[in-house]
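>>> below: sequence and its predicted model.
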Amino acid sequence: MARILTAHHYNVAYALGAFQQLSSTWRTAVRMAFGFIVVTVMATYLGAWLAFRSDLRRSRKDLGILRHFGFSAQQVARIYHMKFRGMFLTCAGSMALYTLVAGTFMFRLPWYACAVLASASAACVGLLSMALARAARKTAVLQLPHLLRLSNEME
């Protein structure tokens with residue numbers, strides 16, 4: 001390549017240095033894009049976590065009513081876990097399908113890379129669902145007067 005560039009009266013060091021600068025620029029851009037994606041995903045999961053925790057706090061009165069009508073703490077936690085699980089299964093399924101389709105057809109990624117990305121995103125949604133189920137169990141175990149008192153404070 002250097003001989004071809006020299007034959008056409010190009011400065012070899014300058015021309016090859018431009019390719020090296022371009023490569024460095026691409027590496028920096030890829031790192032920045034990856035960092036931006038990681039920050040965006042973390043902010044999205046944090047927002048979802050906070051939104052569902054807020055929903056759980058607002059519904060403490062409902063938890064107290066269910067406990068007052070004779071449901072055990074485990075049954076109440078299971079009801080809320082099922083509520084969360086339905087939403088998160090829908091979210092995980094649609095996100096995995098979107099990742100597979102967009103990755104394969106729009107970004108021309110290999111199918112196995114799309115499958116890994118879809119599995120990772122579904123796993124993150126599953127972990128968030130499990131964390132919220134744990135939070136529902138902890139909230140359902142609270143004593144009835146405590147649930148109703150905290151609910152009145154929220155109103």
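Great, that's in hand.

>>> ok, the closest residue to H68 other than its chain neighbours to A135 distance?
Nearest non-adjacent residue to H68, counting by C-beta to C-beta, 6 or more residues apart in numbering: L144, 6.2 Å away. Placement of C-beta: from N, CA and C, glycine included. Per C-beta to C-beta, to the nearest Å, L144 is found 19 Å from A135.

>>> elements contacting the helix ranked longest in the chain?
Longest helix in the chain by number of residues (criterion: DSSP state H): helix 12-58. Applying 3 or more C-beta pairs under 8 Å, 6 or more residues apart in numbering; DSSP states H and E, we find helix 12-58 packed against helix 2-7, helix 111-140, helix 144-154.

>>> quick one: the strand or helix carrying A92 to helix 111-140, angle?
Following DSSP states H and E, one finds A92 within helix 73-101. In terms of direction (axes from the mean of the first three to the mean of the last three C-alpha atoms, to 10 degrees), helix 73-101 departs from helix 111-140 by 160 degrees.

>>> and helix 73-101, what other elements does it pack with?
Against helix 73-101 (3+ C-beta pairs under 8 Å, 6+ apart) you get helix 60-68, helix 111-140.
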